[in-house]
Structure formats: structure tokens, C-alpha cells
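Student: Only the shape, not the letters, is given here:
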Ligand SMILES: Cc1cc2nc3c(=O)[nH]c(=O)nc-3n(C[C@H](O)[C@H](O)[C@H](O)COP(=O)(O)OP(=O)(O)OC[C@H]3O[C@@H](n4cnc5c(N)ncnc54)[C@H](O)[C@@H]3O)c2cc1C
Ligand SMILES: Cc1cc2nc3c(=O)[nH]c(=O)nc-3n(C[C@H](O)[C@H](O)[C@H](O)COP(=O)(O)OP(=O)(O)OC[C@H]3O[C@@H](n4cnc5c(N)ncnc54)[C@H](O)[C@@H]3O)c2cc1C
Ligand SMILES: Cc1cc2nc3c(=O)[nH]c(=O)nc-3n(C[C@H](O)[C@H](O)[C@H](O)COP(=O)(O)O)c2cc1C
Ligand SMILES: Cc1cc2nc3c(=O)[nH]c(=O)nc-3n(C[C@H](O)[C@H](O)[C@H](O)COP(=O)(O)O)c2cc1C
Ligand code: FES
Ligand code: FES
């Protein structure tokens, strides 16, 4: 992990509220599931975002404009800079997994992109289940199709199966030796109850992003763990919801 | 008075701590003695500065870097912008004055530049007494020489007469039918005690800069008056120190 | 989009009221914009006799706000009623709130009574929390018994609804709120300023001539919001919320906490158009947050 | 340039101490820089038994700071002494301050005693002001009698100097300071966090699971400075100042107000290098302000 200044290479709108931000700078090697904490001028705390991709000294962040900070980010232009902590946390564990299922809910699909690439590099074409509220919220479908077998669902049926991620998993009859889920807490909880064979990427409001404040400590069977340090990825069977 | 966005045209260092800032924008007519209130990013309140010159939609501010805000301003570059209130307050009264004496103490000389120009336009060449702490603090001497008869003094004698402004006035034997003084409070007080025939430009810490907060109210014989609204220029015989 | 709220029997077109002391007697802001967009106006704190207030400096900057030690400069109640209200009446057609300060119960009572016949005043805001007047405001604002006694006396003398402005510089603000409610207050407004201080780095002396002053601006918002929430839980009378409101989002948050209307202070000083801008952006923000009527969101954070 | 100050018989190379709860048990910051530059370290608040603390969310952002409701998460006193101090000892050669929390007098007494034989601990900081623990900290921090009683008991049991950390959420902080001084406290530190709150605009619910939390960061600096100034005037024991310090300038201002040393909290969270950077820039700032020795400026704002 590292505190550094990143420069905006591009900031592209993908759908009404989702953006793709490409940043360059002095970036250490990234493991999928790790995140970056980006400073936004005028806001006191940095904002945490999964690293969706990493290539040639650049990282990609896929973000949804939901509040003051992300709305401000939507206005970032090429050449703008941000102070950032990069490569935070422990990433996904891809070891000993031959039939992965990647499950993204809404903006939670972001870290799965880099994860899918990692599986590709291991010679594995993952199944990728992407669940959105509606068609308007969807993004990066083609990009994911280039890396795996994509299955889609929406709450209102405007794209793919009509239903939530877990319902879609059953509908599409998807099998896995391990699933990798990132999305809203209720979705993660539902998956953890459905199967222990998974890894969950969790969110938490963060004070520091590097383990100092205990602001993000969750309860696990192994005692309290910090989303920013021991996480954000946890085994489905260790998290106490 | 007006709230507007100004653009930095140039920001030139005149001596170790004094800078000349030229700003352009939609600027209403300026009267000498009026001031501008400039927003500095990262600081809550705007900073008030006398308008030292005004020409062709541009204003000049002469400022000394003394604290956080002015140190930040010293880094402003061409093209930077600042939100500003411009043309605040009542200016100097030049009416019925044939033999003016302009007295500036340190950075207080700033508004006298525009005042000297106004006298020139009326066909009058003013006497201009500039008092500094030392030679290093001096600035704009040649500029003032182009507009009037310049007399100098410094506390340590490194430039001109060795002594303060009032001592220098006596030493140079300067006469006037009205003096116009701007500088540190003790200097203004000394002048007000020496002669009632003057106008004083006062400073005050300001909350708003446009008359709303009463943060800058001084006592005058005519009741409380606001430096930002009825001032910053007051008659020497009305101010209660 | 319904922006209207009710306060003390008066319907405000919107909940945004410039806070006392940051808007003068209102008319000077008419230079900047048509102030008839404002829900109402809380006038500069008024005392029985004219006051100059504290010596300069009276203002010190803070990272996220400012300190003031104005000390209730005002021309005195009679002049306010005779002159300032008249000047304001020429540019503002709605009713306003008279903010009353003092240093003894009798002061308050007499000053409040001066407004009895002022038709344009729909409520008295009793400032029992000014940190900037010696032997003044503050004592009334920190002792529930004294506060209650004051409110009872003012209620007897005033023909207008009385709103009491509470100080945040106390261990438990709900005690004060309950005391003034018990004494007959018709509403409470909060918060007044937090006592703060700055020191001049160049001289090592306090910046304010009064040494300490009242801290306001966005830096106090979290404290203000907490107190509004607490007081809303503790009393049945309307709560007017203020402290650090800078945007329409802050207005909504304050109303969620329990504010029936809000006051905007320091924001006016850093941007003379602040209240106008906040009011103008309220409909867009309401739409974004799926709010159709502001009345309905008052205290929503208390549900469930 | 002399940056040294004395605190409770111990000489600090400089007055900058990371504040409790914002620096863990210190060693994790050694990943970022050589923490031996620090004057000392105030360790994460420690209780007798291990504590998980409050449910998430525990953090809410503010315009100029943050709210936390951690609730004293810590592994318990024995583990702190046995494991955390050892880990810290490997990367930090100076003595540290153990910050002690609790919810009953006995808790505090036993926890403080656990550090009696910890050589690397030169003082106990008694946290009687944590707003984030039910039936805890706060009561001790708002009632002078209870606070004094607590201090007396801890003093009997502890072999280390005892510094008492005061709450700003009181009407008169000097009463508390005088009470703990009278009970034998060797120093006071202040301020702990101000109670604040934020509401989620999207859900209209309080952001923190604990509803309210402790507000810290630059937004509290003016309040902290005022209280340090007041307490310095009121007591004879050393005052350690904190609350919103972000820069070397803030350190000087706090020392002018009366701080014998300072603690830096929230700044560490937004910039892991904050303490190092502040210490590194102190000599330059001292030169600019014509200060040759930091010892000499303590309380300078009280002169004349
Ligand atoms: C490990 C991790 C990875 C994330 N990855 C992504 C991603 O790839 N793309 C994406 O769009 N979002 C991601 N998020 C969520 C993202 O951090 C928030 O959407 C963002 O912080 C909101 O900022 P704001 O200023 O717009 O909202 P505001 O509500 O104005 O923010 C106020 C404060 O709350 C915090 N906050 C608000 N919502 C969240 C949240 N859901 N999680 C954590 N903090 C929050 C903000 O960081 C800020 O401190 C991630 C969160 C975490 C913890
Ligand atoms: C009407 C008027 C005209 C002025 N004209 C000039 C000028 O032409 N050139 C120039 O260099 N300076 C001028 N000043 C002084 C200038 O405003 C201050 O030097 C400047 O505000 C300092 O800002 P800072 O951030 O560097 O200092 P800081 O000390 O960090 O500022 C903190 C706060 O105090 C205020 N402040 C500090 N010193 C003063 C002061 N002397 N007067 C008023 N407010 C102060 C700042 O505005 C700010 O709000 C003028 C002041 C007034 C009132
Ligand atoms: C310059 C100034 C003057 C004030 N004068 C008064 C006053 O006369 N009466 C009063 O009740 N409150 C007064 N206040 C307090 C404000 O009305 C308000 O309670 C406080 O500033 C918090 O709100 P804000 O953060 O939006 O400014 C004053 C505040 C400021 C900044
Ligand atoms: C995340 C966090 C955790 C804290 N934990 C403790 C604690 O355990 N014990 C304590 O005495 N103070 C604790 N505090 C208070 C700080 O030590 C300090 O008093 C306060 O934050 C004000 O200083 P600051 O503005 O520099 O942060 C904590 C503060 C924060 C932000
Ligand atoms: S955010 Fe501070 S420990 Fe995780
Ligand atoms: S600065 Fe507000 S009235 Fe002059």
C-alpha cells in the first residue's frame, strides 16, 4: 500500500450514473479485490473504490455517482490529480479454484473485472453473473463477455432474468467450486447463507483506509477484522453478519 | 459592489514578501480607496485588499505575504481564478484638495497609487511620502515617482530619512491642505493627532466585507461605522481610536 | 414540490430563514437579490438600549467557519421598530422574527414588549445564548431555572409567540429545552455559536479583543445536527434548526433531524446570495431525494 | 532550535504525540515512516476486558472532520501489555502513554494497574470522556465529583503519573479540570471529541449505528484552543492540548494557549505521514515566528 498522486487519464460516463475513471501514476502491483482510496477536493475523507483493472501503470475505477464526493469526481477531467492510497487490503484468493463463479450486484461488479482477467491468465474462463436494478444501471457487459460467460439479471426484468442475483444463479443453474461476490450487503448475506464456498468483498465507511482507526472492523469467527486491512475480501464462512 | 470571478493575468514578486497581482474580469468603475475581497482556496474567509490600480478591465492588487492566505496567493499563476467582491466601500474624497499629501506606511502605500493617478487626472502632482521598515520592504518607488514627488523614510535609515512617517513629514517639511494616509494603526493614530486635515484608510478583520455582520464597526463621532461599508476611508477628525 | 412549512401559526413559503446577526435588518441584502424569496428573516439581535458592542477585532477565521464577538451591536429596540422595520418593509413583504437580547430579565421583557405592536413581526426569538455579552445572554442559557423564569416573564409581557434560542455550550441541551418548554416557550431555535478562540501567530495574543468568541459555520454542523435531534426527541414544541447550514442538502438533513424550519447564518457572510441559492436548489434536491413535501420530512430520522 | 518539552518528568524530543485511537498501538505506522521521530505515542484506549465496540457504521464524514463511534475496540489490558507493547517496542525506542478506558471505577483502577510494570509506559491517560461507550466514560467526564473520586482511586493503584483526558461536552470544563487536579491528577489532556451526528440523505437514518458519535478534526480546533486556554488559566498542572491540529502552525497556536505538549489525532487518518510532516516543519515555522525554544512559548497568550 502506498500514498501517491494519481493523474486522470480519462473519465468516461458509462450510463446515467456510472463512470469509468482511468488514473496513472506510480502504482505498485495490484491484486484483484484490492482497492484505492481517492481524495476529492473539498471533502474531508478519501473515497474507497475497488481497482477494476490495472495495466501499464494505470488503474481503472468504475464508480457510481451517489453523493457529494462521487458527483464531484464525475467532473474530473484529463490532467486533474488526486492524492490516493493505492493497493489497499488483501485481494481475492484465486488459489485452488477451477470453476469460479463471479457475482456482481450493481456497481459491485467492478472488482470482478480484474478478477476475471486473473482467471483468464490462469487459463480459466469464469462464469460471471451480473445483477442490476434495471437495464439503465448495467455497464461493462461487453467487456465482461470478452473474459467469461456472462449471465444477466435485473430486478425489473429489463435485461436478462427478472430477479435478484441468487434467484438468477438458481435459474441459470450455475455451478461453482467457489463463488466471488461483491455487491449490496443483503446480496452478500444471502449468498453466505446459500453457500459457504465463497469469498465476499465487503464495504464499510472508513476513517483511514489503512488500519489505524478501527472504523471498519467487522465481526468474524476469527475475531474482529478490518475491512481495509484484513479485507475487503473475506471468506463467506467467517463473516458474522 | 459586485460578486464576480476574476482571472489572474500576472502575479509578480516585487520584494521578498510583496507581490503585484493583476486580475481581469467584469469590473465596475473603481474609486481610489475602494477594496476587493478575494477568495483563497482552502481558506474560509475572503481577504480584503486595496485596489492599487485599475485600467482596461483589470485591477492591480499589491499584497504582502504575511499569513496562510497571502502565502497561498503568492503561488497563484496566470489563468488561476478567484471569486471576489470588487469595489467595496467608499473611496478617498479628492474634492476641494489642491495640495494633497499621500502618506503610505509599508503595504499601506497600495491604494495611494490609484489615488495619485486620480490627482494627476485632475492636473495635480501630489507629494507622496512612503515610509517603510527598511529598504527590503520598499516597492513601487519608480511607479510612484512617475506620478508625484516622492519622499522616503525607513525605520533603520536604509532608504531615505531615518525615522517614521510623521518624523519624515516634519523633516521634509511637507505641507498639504489634506493628507491621505494608509498604513499601520499607530501611524494613522499619530497622524490623526498631528492634524485633523486628513483622510485615513483603515483596516479591520472582516466577516463579510459588505456590511452584514458588524464585524468591522469602528467608533466614530457620528456613531458606529463599518470599515467595509462606510469606510475603509474615514475623516481623521471623526475616528475615535 | 411543496416547500411550505408552518411555524408558530404562520405559513412560510419555504423553511429558509437568515439567522440573526448575519443578515442585518435585511434590507441591505436587497441590493443583491429580491429577498422576498426568503421564508422569513430573523433580525439582528436587538437590545433595549443602543449598543456599540465589543472593540475590534471582532472576527477571527477558522478552518471551517469563523469566530465573532460582535457583542450585539444594534441601534436599540425603539429605533429598530421605528426605522429598521420600516426600511425592511419597503423591500420585504412577509413577516419576520425579532431577535431579542439582554442582560437582565427586565431588559428582555421590555425589549420584547417593544415589538408588541409591530405588525410585521410574527414571533420573538429570545437569545439566551449570546456568548459575547458579559453578564448577559449566556447565564440565562446555561441554567434551566433562570431560563424558565425569563421565559415566563417575557411570555406575560409579549403578545407574540416566543421562540427561545438555545446555547450549545452546555452539558445537556435537552434540560434547557425542557425547562423553557415548561415555562411556556412556543418554540426553540438552536444552536447559537460554540465558544471558541484563535491566537494570532505573529503576536501570540488572542485575535479577538474579547479573547474568545462565538464559532459558527460548517464546522459546527455535526454538533448542531446532534442537538436538534436530541431536542426534537425531548420536547413537543417546534424546533428551528441552525448551525453550519451551507447547502440545500444541509437543510434536508437538519429537517430529517427534527427542524420545522432552518436558519442560515454564516453562509450569508461568505456568499451574499447563499439563502437565495439554497432556496433555488431545494426543488432539485428534493426531486433527487424523492421528497415531494418538506413538511412531511420533519423529524424523519426519528422513525424506526 | 530547541524542540524539547518536559512532560511528567519525561523529556520529549518534540511536543508531538499521536492521539489515542488514531494511531493504533503505533507499530503499524512504522510501515510508513520511522516513528522514532515522535515525541511520544498515546496508545489506543484500553479496557480491562477485550472489546469489539459498536456495530458498523462507525465513521461519518463531516465538512471539516469526522465522527467516530468505535466504542473502544481493543484486545484488553493484559494482551496490550503482553503483546502490543512488545510489538511496538521493536520499532519504537521511546516511552509511551497508556490510554485507559472503562465503565466503572474498578475497571479503570484495574486497567491502570496492569501497566504498573510496563517500563515503556511513562504515564497513564485516563479517558473519562469517551462519548462512545454506554454507561461509560462520559458520566465520569461530566460530573466533577465522580471524576475526582475516580482519579483518587486510580492514583492509589497506579505507580505512574496520571493524566486525565477531559470531555469538551460540558458547560464549564474548568470545573472538571480543577476537580481532577484537586484529586491528585498529574496532568490533564483535552479535548476529547465533541458529540455530533450525521444523517444519511438517501435513507433519512442516522449514519452511525450508535446514532451519534465523537466529532474530531480541524472543525473542532477553535473550541479545543479555547478550552486549553481556559484550563491553563484554571489549573497548575500541565495541560496537553489537542483537537483539530493539522499543521505545525496549529501546534504553536495550541502551545501559545497553554499546551505543554500536543496530541494529533484525526490528521493521522487523512494523512498517515501527518505527525512526521508536522515535526519536520516545526523548525521552519519556529524560525518564521522567531521562536528558538518551544518550552518558552507554553502559555504565551496569557501574558499581558
Ligand atoms: C472497499 C470498497 C470498495 C468500493 N468500491 C467501489 C467501486 O468500485 N465503485 C463504486 O462506485 N463504489 C465503491 N465503493 C463505495 C464508494 O466508496 C462510495 O460509493 C463512495 O465513498 C461514496 O462517496 P460520496 O461522496 O459520493 O457519498 P457520500 O454519501 O457523500 O459520502 C460521505 C462519506 O461516506 C462514505 N460512504 C458513502 N457510501 C459509502 C459506501 N457504500 N461504502 C463506503 N463508504 C461510503 C464516503 O466515502 C464518505 O466518507 C466501495 C467501498 C468500499 C469500502
Ligand atoms: C480595507 C483593507 C485593505 C487592505 N489592503 C491591503 C493591501 O492592499 N495589501 C495588503 O498586503 N494587505 C492589505 N490588507 C490587509 C490584508 O487583508 C491582510 O494582510 C490579509 O487578509 C492577510 O491574510 P492572510 O491569510 O495572509 O493572514 P492570516 O493571518 O492567516 O489571516 C487570517 C484572517 O485574518 C484576516 N487578517 C489578517 N490580517 C489582517 C489585516 N491586517 N487586516 C484585515 N484582515 C486581516 C484575514 O483576512 C483572514 O480572515 C487590507 C486590509 C483591509 C481591511
Ligand atoms: C456575525 C454574527 C453575529 C451574530 N449575531 C447574533 C445575534 O445578534 N443574535 C443571535 O441570536 N444570534 C447571533 N448569531 C448566531 C447566529 O444567528 C447562529 O445562531 C449561528 O451563527 C449558527 O449558525 P451558522 O453556523 O449558520 O452561522 C450571530 C452569528 C454571527 C456569525
Ligand atoms: C477514530 C478515533 C478513535 C479514538 N479513540 C480514542 C480512544 O480510544 N481514547 C481516547 O482517549 N480518545 C480517543 N479518540 C479521541 C482522540 O484521541 C482526540 O481526543 C480527538 O480525536 C481530538 O483530536 P483530533 O481532532 O486531533 O482528532 C479517538 C478519536 C478518533 C478519531
Ligand atoms: S478504515 Fe481505519 S481501520 Fe479501516
Ligand atoms: S465585515 Fe461584515 S460588516 Fe464589515
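Tutor: Cool, got the structure. Treat the numbers as computed from the prediction; the structure is a model and nothing was measured. Numbering: from 1, shown residues only, chains lettered A, B, ... in the order given. Ligands and ions are numbered 1, 2, ... in the order given.

Student: contacting residues around the helix or strand of chain C with the lowest mean pLDDT?
Tutor: Lowest on mean pLDDT, DSSP states H and E among the helices and strands of chain C sits helix C:138-142, with a mean of 79. With contacts defined as C-beta atoms under 8 Å, 6 or more residues apart in numbering or on different chains, helix C:138-142 is touched by C:128-131, C:146-147, C:150, C:166-167, C:169-170, C:176, C:192, D:171. Backbone N, C-alpha and C define where each C-beta goes, glycine included.

Student: Now distance to residue C:258 too, for these, in CSV please.
Tutor: Converted to CSV, the contacts of helix C:138-142 look like this (distance: C-beta to C-beta, whole Å):
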residue, distance to residue C:258
C:128, 20
C:129, 18
C:130, 23
C:131, 24
C:146, 25
C:147, 20
C:150, 24
C:166, 13
C:167, 18
C:169, 20
C:170, 18
C:176, 16
C:192, 17
D:171, 23
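
Student: Give me the subset of these lying in helices.
Tutor: Per DSSP state H, helices hold the following members of those: C:146-147, C:150, C:176.

Student: With pLDDT and distance to ligand 4 as added columns, please give these in TSV.
Tutor: Formatted as TSV, the ones in helices among the contacts of helix C:138-142 follow (pLDDT from 0 to 100; distance: C-beta to the nearest ligand atom, whole Å):
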residue	pLDDT	distance to ligand 4
C:146	92	32
C:147	94	30
C:150	95	35
C:176	97	26
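
Student: Pick the one among those residues closest to residue A:142.
Tutor: The closest of those to residue A:142 turns out to be residue C:176 (C-beta to C-beta; 61.9 Å).

Student: which residues touch that closest one?
Tutor: Contacts of residue C:176 by C-beta under 8 Å, 6+ apart are C:141-142, C:144, C:147, C:166-167, C:170.

Student: 6 Å instead, please
Tutor: The contact partners of residue C:176, taken as C-beta atoms under 6 Å, 6 or more residues apart in numbering or on different chains, are C:144, C:147, C:166.

Student: Could you identify the buried members of the contacts of helix C:138-142?
Tutor: Buried subset of the contacts of helix C:138-142 (neighbour count, 16 or more other C-beta atoms under 10 Å in any protein chain shown): C:128-131, C:146-147, C:150, C:166-167, C:169-170, C:176, C:192.

Student: Show me what counts as buried in the longest strand seen in chain A.
Tutor: Taking DSSP state E as the criterion, chain A has its longest strand at strand A:2-15. Counting neighbours by 16+ other C-beta under 10 Å, one finds that the buried residues in strand A:2-15 are A:3, A:6, A:8, A:11.

Student: what's the most centrally placed residue in chain A sitting at in phi/psi?
Tutor: Nearest to the mean C-alpha position of chain A, by C-alpha atoms, centre = their mean, lies residue A:111 at 3.2 Å. With angles defined as degrees, to the nearest 10, residue A:111 sits at phi -70, psi -20.

Student: That one contacts residue A:53, correct?
Tutor: No. With contacts counted by C-beta atoms under 6 Å, residue A:111 stays clear of residue A:53, the gap being 9.6 Å.

Student: ok, stretch A:42-56 near chain D or not?
Tutor: Yes. Looking at stretch A:42-56 against chain D by C-beta under 6 Å from any C-beta of the partner chain, the contacts come from A:44-45.

Student: how about the residues of chain C near ligand 3?
Tutor: Within chain C, the positions adjacent to ligand 3 are C:19-22, C:44-45, C:68, C:70, C:72, C:99, C:127, C:130, C:165, C:192-193, C:216-217, C:220, C:242-245, C:264-267 by C-beta under 6 Å from any ligand atom.

Student: Enumerate every residue touching residue C:291.
Tutor: residue C:297.

Student: Check the secondary structure at it for me.
Tutor: coil (DSSP: H, G, I helix; E, B strand; the rest coil).

Student: ok, now how distant is it from residue C:40?
Tutor: 21 Å (C-beta to C-beta, to the nearest Å).

Student: cool, and residue A:228?
Tutor: Counting by C-beta to C-beta, the gap from residue A:228 to residue C:40 is 46 Å.

Student: These two: which is more packed in?
Tutor: More crowded of residue A:228 and residue C:40, by other C-beta atoms under 10 Å in any protein chain shown: residue A:228, with 27 against 24.

Student: For that one, give me the pLDDT.
Tutor: Predicted confidence (pLDDT) for residue A:228: 96.

Student: go on, residue C:136?
Tutor: Residue C:136 is given a pLDDT of 50.

Student: The residue lying closest to residue C:156 once chain neighbours are set aside: which element?
Tutor: Counting by C-beta to C-beta, 6 or more residues apart in numbering or on different chains, residue C:156 lies nearest to residue C:109, which is 7.8 Å off, once chain neighbours are set aside. Using DSSP states H and E, residue C:109 falls within helix C:105-114.

Student: Report the distance from that helix to the chain centre.
Tutor: Chain-centre distance of helix C:105-114: 18 Å, with C-alpha atoms, centre = their mean, to the nearest Å.

Student: What are the buried residues along that helix?
Tutor: Buried-residue list, helix C:105-114, by 16+ other C-beta under 10 Å: C:105, C:107-114.

Student: what residues does that helix touch?
Tutor: Contacts of helix C:105-114 (C-beta under 6 Å, 6+ apart): C:48, C:77, C:81, C:100, C:102, C:124, C:150, C:153-154, C:157-158.

Student: looking at the residues you listed, which has the most residues close by?
Tutor: Comparing the contacts of helix C:105-114 by number of neighbours (other C-beta under 10 Å), residue C:100 comes first, having 31 neighbours.

Student: before we move on, the earlier item: now, which of the contacts of residue C:176 sits nearest residue A:21?
Tutor: residue C:166 (45.0 Å).

Student: Assign the closest residue to chain B within the stretch 151-300 of chain C to helix, strand or coil.
Tutor: Chain B sits closest to residue C:269 of the stretch 151-300 of chain C, with a gap of 4.0 Å, by C-beta to the nearest C-beta. Following three-state DSSP, residue C:269 is assigned to helix.
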